[in-house]
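Novice: here's a sequence, model it:
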Amino acid sequence: TISIDVTEYHAPGDANDDGIPDGYANENLGRPVLDWDANNTTTEAWEQETFRATIFGTLDFRDMVDGKLGKILGNHTLTGLYEDRTNDSWSKNVRGSWWADTGLWPGSGAVSNGLSDNFRRIVKSQIYLGPDTRGLSSPDQVRLDGGIEVPFPAIGDTYGIHYFNNTGSVDAGEINTWRIIENISGANIAQSQLESTAFSLQSRFFNDHIVAMYATRNDKQTVYQRLQETVDYGDPSDPASGGRPLRLDLPGINEVDGTFNMDLIQLEDTPASTAEDDTVTWSLVGKYPEELIGDLPFGMDLTAHYYEAESFQPGGISNNVLNQPLASPFGETEEYGFTLSLLENRLSIRMNWFETINASARTGGMNGQLAQVVGRFNFFLTRIADQEDSGGALYPTGYDVDNPANSTGQGALTPLTVPNNTTRNTGTDADLIPFVTSFNEYYQGLIDLIPDKVQSVYNFQINRLESGSINVESTPIRGLNSTQDFVATGKEIDITGRITQNWSLSMNIAQQETVTSNTGPVAIPLSFELEAAIQENFAGEQWGWWAIRDSPVQGEAGTLGTRYSAVTREMRLQAAKDDTASQEQREWRVNLTSRYEFTEGALKGFAVGGSLRYQSEIAGGYPNLLDEFGNVVPDVANPWLGPDSMDGDLFIRYRRQLTDKIDWSIQLNARNLYRSDGAKDIPIAFDPDGTVSLIRIPVEQQFFLTNTFSF
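Specialist: Residues are numbered from 1 along each chain as shown. Here you go, the predicted model:
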């Protein structure tokens, strides 16, 4: 993503908040810039060990019984498989984190309030790509025309840094030299063992006019995970730390504070997940019996097919938002159709219809909001902890604790005043929650919003580290995911053939529709339950939590309500798409390829051909509606649609024999010679108001000239 730097002054910009800039002018104002988030280095290793044994045998009655009876009984092949596979994986992620050898510690409450794993200490880069763009009029005038070759920050490098010092009530800008230290942001070790047994029988009857297949399979997967931590932070050598810490908090060794504890890279003794199931597959193909009924006209041949299959995908370590194991995905597919051959097999037409049913399919992260159904409360608690950690006040400036009616300035702002409480830059919103008279009560009030069934799983708590930092801790969910069921139906036609001696073609037309159901059966209702808890008592002077600022230390205008609305909007979107055909899937796809070769006349030796690829339109976003309860919900029946597309290729070839032993051909290929969108950017994502939020760069046109000599 290319952005424009609109920052006029370096930190602090306006140190005394008098409206007059007193920082350093930003020499990069107006320049296009590319952000590089962190400097991660990932090391991974995989090892697989497999034992496989296959046995098969064939019984052919045609060799045993003469005449028609042998042809009727046919031949049969039985195959058996045993496989035992073990997969081991290991990974380690390292990134840079800021450290100061002298001066104020970058992890102090006045700077970042975080150990080396905190996102505020991650080393990020901005790469400037060109000159000031303020005189330009279109994004098309800001385009990359080549690769980017710059030295990225590396561990051990030092840089001059402008940073904020939040010691006082107003940010003060300071300068120091900071060094990049290594932070092990994460590491993992895992092992999966898969044992499979399968048998299949393929039989041919009636002189190969009927071909049948039956197969059964058993799969059992056992998964082991790394040792799990018992506390978030601590010193492994100190029994008082409480057990195995996830991250190191070693007194006096601040350069490894917050780094991952590599002592955890051992497998647990007992499996974390075991899944086993049986599946069956069978099919039947029948060929038109010309010997018995008579020949079909025009050199035709006709076959019909039917197929059923079950599928089982071991789910591994996979849990819902309440840390309950998810069932492994299980599917069933049915296909049927026919194949018609014409013109003595020069032209083949195949029709196929299918239906696939999948239960407990994984939804993934639901656009990042699944983890926030409960995880958003970690954010709420952390921002209040940041306020306390940085020495911020509980009440805003001007708030009269003894007589709230006499409050002035920022202390008098409420959700209904103009301006409202979201414009405050001092204190928290404790004055708007009557029972909150201390930071501890603030934390507990937020935790009390969480139902007991959720708190018993996550165990949110506030811990004070030896370094003095206040840390929000909770029990992580391993393999967090959710499920949905879906039914996909469709049909396809394949046409292939050599129409004449010189002309050949191939065409595929496919149509598919998918209907989902039972999406997020635990996550979605829970998100609505938590939303209702945040909204409760939001009336009169009992403001409740909905309109409370969630980031007082950051001076941001977001509230608990606006933050959590992003979660429930995605959940409502997912729920609204249930029992409707997915418009985020292209319904139609067409592929056509044709070639013609000249074998005589002036064009002898030439060949020309091309291909076309078509895809129908696809949903890229949804408008907003209000439901009967006043909730903002997506209008899934009227999505914002991205365009359909068609792309085409062309080739021309000339071939001739140069000598008795050398053949030469020259071929020109033009890929994407035709593009329905031309060189225009293609919209693929839309905001609720229809504004394009994400585009895809059109496929590039490529031309190749190839000479080939064969001898």
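Novice: tell me where the model's unsure across this structure.
Specialist: 11-22, 38, 168-172, 466-467, 537-542 (pLDDT under 70).
Novice: list the buried residues of the longest strand along it.
Specialist: In the chain, with assignment by DSSP state E, the single longest strand is strand 172-205. By neighbour count on 16 or more other C-beta atoms under 10 Å, the buried set for strand 172-205 is 173-174, 176, 178-187, 189-195, 198, 200, 202-205. (Glycine included, C-beta is placed from N, CA and C.)
Novice: quick one: strands adjacent to that strand?
Specialist: According to DSSP bridges, strand 172-205 forms sheet pairs with strand 75-99 (antiparallel), strand 158-165 (antiparallel), strand 210-225 (antiparallel).
Novice: out of those, which gets nearest to Pro683?
Specialist: Closest of the strands paired with strand 172-205 to Pro683 is strand 75-99, at 33.6 Å (criterion: C-beta to C-beta).
Novice: tell me the span between the first and last residue of stretch 142-158.
Specialist: Length of stretch 142-158, first residue to last, C-alpha to C-alpha, to the nearest Å: 32 Å.
Novice: could you do stretch 426-438 as well?
Specialist: Length of stretch 426-438, first residue to last, C-alpha to C-alpha: 16 Å.
Novice: again with stretch 282-293
Specialist: End residues of stretch 282-293 are separated by 27 Å (C-alpha to C-alpha).
Novice: residues making contact with that stretch?
Specialist: Under the contact criterion C-beta atoms under 8 Å, 6 or more residues apart in numbering, stretch 282-293 has outside partners 206-215, 296, 301-309.
Novice: filter the residues you listed down to the buried ones.
Specialist: Among these, those buried by neighbour count (16+ other C-beta under 10 Å) are Phe206, Asn207, His209, Ile210, Val211, Ala212, Ala215, Asp301, Thr303, His305, Tyr307, Ala309.
Novice: can you list the residues you listed in CSV and add distance to Gly365?
Specialist: What follows is the buried ones among the contacts of stretch 282-293, written out as CSV (distance: C-beta to C-beta, whole Å):
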residue, distance to Gly365
Phe206, 53
Asn207, 55
His209, 51
Ile210, 48
Val211, 44
Ala212, 43
Ala215, 35
Asp301, 50
Thr303, 45
His305, 39
Tyr307, 34
Ala309, 29
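Novice: same list (the strands paired with strand 172-205) but as a markdown table, adding distance to Gln535.
Specialist: Listed next are the strands paired with strand 172-205 as a markdown table, based on distance: least, C-beta to C-beta, whole Å:
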| stretch | distance to Gln535 |
| --- | --- |
| strand 75-99 | 38 |
| strand 158-165 | 34 |
| strand 210-225 | 38 |
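Novice: just to check, Tyr564 is in contact with Arg376?
Specialist: Yes - between Tyr564 and Arg376 there is a contact under C-beta atoms under 8 Å: 5.8 Å.
Novice: neighbour count: those two, which is higher?
Specialist: More crowded of Tyr564 and Arg376, by other C-beta atoms under 10 Å: Tyr564, with 25 against 20.
Novice: am I right that that one sits in a helix?
Specialist: Yes - assigned with DSSP: H, G, I helix; E, B strand; the rest coil, Tyr564 falls within a helix.
Novice: quick one, what contacts it?
Specialist: So Tyr564 contacts Arg376, Leu530, Glu531, Ile534 (C-beta under 8 Å, 6+ apart).
Novice: rerun that using 10 Å as the cut-off
Specialist: 372-373, 376-377, 379-380, 527, 530-531, 533-535, 545-546, 550 (C-beta atoms under 10 Å, 6 or more residues apart in numbering).
Novice: now which of those would you call buried?
Specialist: Among the contacts of Tyr564, the ones that count as buried by 16+ other C-beta under 10 Å are 372-373, 376-377, 379-380, 527, 530-531, 534-535, 545-546, 550.
Novice: just the ones of those in helices?
Specialist: Judged by DSSP state H, the buried ones among the contacts of Tyr564 include Gln372, Val373, Arg376, Phe377, Phe379, Phe380, Ser527, Leu530, Glu531, Ile534, Gln535 as members of helices.
Novice: show me the two of these that sit farthest apart.
Specialist: Pairwise distances across those (C-beta to C-beta) peak at 17.7 Å, for the pair Phe379 and Gln535.
Novice: list the contacts of Asn261.
Specialist: When contacts are counted by C-beta under 10 Å, 6+ apart, Asn261 touches 184, 187, 227, 229, 233-236, 244-249.
Novice: buried members of these into ChimeraX, please.
Specialist: Applying 16+ other C-beta under 10 Å to the contacts of Asn261 leaves a buried subset, and the ChimeraX line that selects it is:
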select :184,187,229,233,234,235,245,246,247,248,249
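Novice: how much space between Trp353 and His305?
Specialist: 11 Å (C-beta to C-beta, to the nearest Å).
Novice: check Gly392 too.
Specialist: Separation of Gly392 from His305 (C-beta to C-beta) stands at 71 Å.
Novice: would you map the helices across the stretch 451-600 of the chain?
Specialist: 452-458, 523-535, 560-576 (DSSP state H, counting those that start in this stretch).
Novice: could I get those helices as TSV with distance to Ile384?
Specialist: Shown next, in TSV, are these (distance: least, C-beta to C-beta, whole Å):
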stretch	distance to Ile384
helix 452-458	17
helix 523-535	15
helix 560-576	11
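Novice: mean neighbour count, these: which tops it?
Specialist: For the helices of the stretch 451-600 of the chain, ranked by mean neighbour count under the definition mean count of other C-beta atoms under 10 Å, the leader is helix 560-576 at a mean of 20.
Novice: who's the closest spatial neighbour of Asn104, skipping the chain neighbours?
Specialist: Small correction: residue 104 is Leu, not Asn. Spatial nearest neighbour of Leu104, excluding adjacent residues (C-beta to C-beta, 6 or more residues apart in numbering): Val111 at 6.0 Å.
Novice: and that neighbour, helix, strand or coil?
Specialist: On the three-state scheme (three-state DSSP), Val111 is labelled coil.
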